[in-house]
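Peer 1: I need the structure of the sequence given here:
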Amino acid sequence: MEPEIDVEVGLWDAELESLLLRVGERFGRVEPRRRMRDYVRGLLGPVGRKNSWQLAEHAGNATPYGLQRLLSWCQWEPDEIRDDLQNYVAERLGQPDGVLIVDDTGFLKKGTISAGVQRQYSGTAGRTENCQIGVFAAYASAKGRALVDRELYLPKSWTGDPDRCRAARIPEGRSFATKPELARAMVRRALDSALPIAWVTADAAYGQEWHFRQILEEARVGYVLAVPKSQQVKTPAGSWRIDHVLAGAPAEAWERISCGDGAKGPRVYDWAAAKLPTIDGCDPTHYRWVLARRSLARPEEIAYYLAFAQADVTVAELVWVAGARWAIEECFQAAKNECGLDQYEVRRYVGWYRHITLAMLAHAFLAAMTAHALEKGAGETVRAASFPSPWQKSEGCWTLPIPPQPGTTHLGAVSTGPDGDAATRPSPATATISTARTPIG
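Peer 2: Have a look, this model is predicted:
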């Protein structure tokens, strides 16, 4: 057994050395290159709290000043390391059906000096806190998942104060950008990278932004994006709220499907999916969809999604992409717990990007080695269970009526006018529910 362990340790060390040599080329001098190696190895090591003091002690340095200088004053570009990271993830985890996931996370901070800090809502804390917010992109495939990009959100209280920005070393050209705008920039970079991306998914903060969906449709990249229940859905007959569109779905339209494994086993919900009528021309290669996810324990809790996919997509595929969004939460948890993503003590803008990028690099290494171990059979993956609905159709479609606007009824429905006379009102266009399915797993 011991020789096998020695071989495995040697493989891990060789892989890490290869990765550090790759990114080491981004450093023009040997001193910062060595400090970078110490920093990454410390992030991967058994260090209690991964700040500069304890990382320096782990590396055998008498003081933390060398590692602090690496994050503050040494000449190197973290965006170049990010590009190397994306290439590495593409090589180790890339799959043709890869999913890019966008989300943000909070970093609790005290004081008012750290770049971008202010009292703002943090989904991580679940409340308004004094914190920084980072917008991230993760890549997920059957091989694994890893963070691949990041941007620090700067509120208007920062971008509107040049003196404050100058003190935090925020670049002069850095203007205010919303979180969806930061996400769009990351998506464009990811699509231009070596990462094989077939899908993009995100929560409602990003899914409700038309410009975010537009860049994906123009690139012909599929998406499944959460949206609020008030989201407007465009059809040839007009615009309708998504919850109204799906309110009239017949009972047979709901399918019980697992959208992937969670901490307590398969995440099973009832799903309804409808293909929307085309607006711009006939017989397109891609269609827009609406989806609804209903809780089994609390049927009144329904989440909504907009999707864009090739014409032959199945409902099971759309559900699988929607479920892939949880992978970025797992990335956040692993990167914070294992690689010190949130344990930095830097206050300046450049220091944040440098620490976060190196922590992402360490996390990507762990993801690659986990994928390698699984490929060798060191672990097993449990295939997600399939819970098909009782109805089965290999051919044909279900019809999902789009509800009328207030004051109207469906075609053929009789309503009573102000004088008591029966009046028939036309119905808007209908959407089609696909019944083609493939088992999950």
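
Peer 1: end-to-end on stretch 70-83?
Peer 2: 19 Å (CA to CA, to the nearest Å).

Peer 1: so which bits of that stretch are buried?
Peer 2: Along stretch 70-83, these residues count as buried under the neighbour rule (16 or more other CB atoms under 10 Å): Leu70, Leu71, Ser72, Cys74, Trp76, Pro78, Ile81, Arg82, Asp83. Backbone N, C-alpha and C define where each C-beta goes, glycine included.

Peer 1: who are the packing partners of the helix or strand harbouring Val187?
Peer 2: Element membership of Val187, judged by DSSP states H and E, is helix 179-192. Using 3 or more CB pairs under 8 Å, 6 or more residues apart in numbering; DSSP states H and E as the contact criterion, the elements in contact with helix 179-192 are strand 99-108, strand 127-141, strand 144-152, helix 204-207, helix 210-218.

Peer 1: identify the farthest-apart pair in the buried residues of stretch 70-83.
Peer 2: Maximum pairwise distance in the buried residues of stretch 70-83, criterion CB to CB, is 21.9 Å, between Ser72 and Asp83.

Peer 1: just give me the neighbour total for Ala62.
Peer 2: Ala62: 8 surrounding residues under other CB atoms under 10 Å.

Peer 1: give the contact list for it.
Peer 2: Taking CB atoms under 8 Å, 6 or more residues apart in numbering as the definition of contact, the neighbours of Ala62 are Ala56.

Peer 1: how close does it get to Gln54?
Peer 2: Between Ala62 and Gln54 the distance is 14 Å, computed by CB to CB, to the nearest Å.

Peer 1: thinking again about what came up before, who wins for proximity to Leu19 among the helices and strands packed on helix 179-192?
Peer 2: Closest approach to Leu19 among these is made by strand 144-152 (12.3 Å; CB to CB).

Peer 1: what's the first helix or strand after the closest one?
Peer 2: Elements were assigned by DSSP H and E; along the chain past strand 144-152, the next helix or strand is helix 156-159.

Peer 1: for that next one, enumerate the helices and strands it packs against.
Peer 2: Helices and strands in packing contact with helix 156-159 are listed as helix 162-167; criterion 3+ CB pairs under 8 Å, 6+ apart.

Peer 1: just want the angle from the helix or strand where His355 lies to strand 99-108.
Peer 2: For His355, the element it lies in under DSSP H and E is helix 349-375. Angular relation of helix 349-375 and strand 99-108 on a 0 to 180 degree scale: 130 degrees, by axes from the mean of the first three to the mean of the last three CA atoms, to 10 degrees.

Peer 1: between helix 349-375 and strand 127-141, how many degrees?
Peer 2: Taking the same axes, to 10 degrees, one finds helix 349-375 and strand 127-141 inclined to each other by 40 degrees.

Peer 1: Glu345 is in contact with Ser52, isn't it?
Peer 2: Yes. The pair Glu345 / Ser52 is scored as a contact, 6.6 Å apart, by CB atoms under 8 Å.

Peer 1: more crowded one of the two?
Peer 2: Ser52 (25 against 16).

Peer 1: distance of the more buried one from Arg82?
Peer 2: Taking CB to CB, one finds Ser52 at 21 Å from Arg82.

Peer 1: what packs against the helix holding His355?
Peer 2: With contacts defined as 3+ CB pairs under 8 Å, 6+ apart, helix 349-375 has these neighbours: helix 2-24, helix 30-44, helix 65-72, helix 78-93, strand 127-141, strand 144-152, helix 326-339.

Peer 1: run the last query once more with 7 Å
Peer 2: Other helices and strands packing on helix 349-375, by 3 or more CB pairs under 7 Å, 6 or more residues apart in numbering; DSSP states H and E, are helix 2-24, helix 30-44, helix 65-72, helix 78-93, strand 144-152, helix 326-339.

Peer 1: could you export the ones you listed as TSV, including mean pLDDT and distance to Phe107?
Peer 2: TSV is the format used below for the helices and strands packed on helix 349-375 (pLDDT from 0 to 100; distance: least, CB to CB, whole Å):
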stretch	mean pLDDT	distance to Phe107
helix 2-24	83	23
helix 30-44	96	16
helix 65-72	95	15
helix 78-93	98	16
strand 144-152	98	9
helix 326-339	96	9
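
Peer 1: show me where pLDDT drops low in the stretch 301-441 of the chain?
Peer 2: For the stretch 301-441 of the chain, residues meeting the criterion pLDDT under 70 lie at 378-441.

Peer 1: any idea of the angle whichever strand or helix holds Ala56 forms with helix 30-44?
Peer 2: Assessed by DSSP H and E, Ala56 sits inside helix 52-59. Calculated by the same axes, to 10 degrees, helix 52-59 forms an angle of 90 degrees with helix 30-44.
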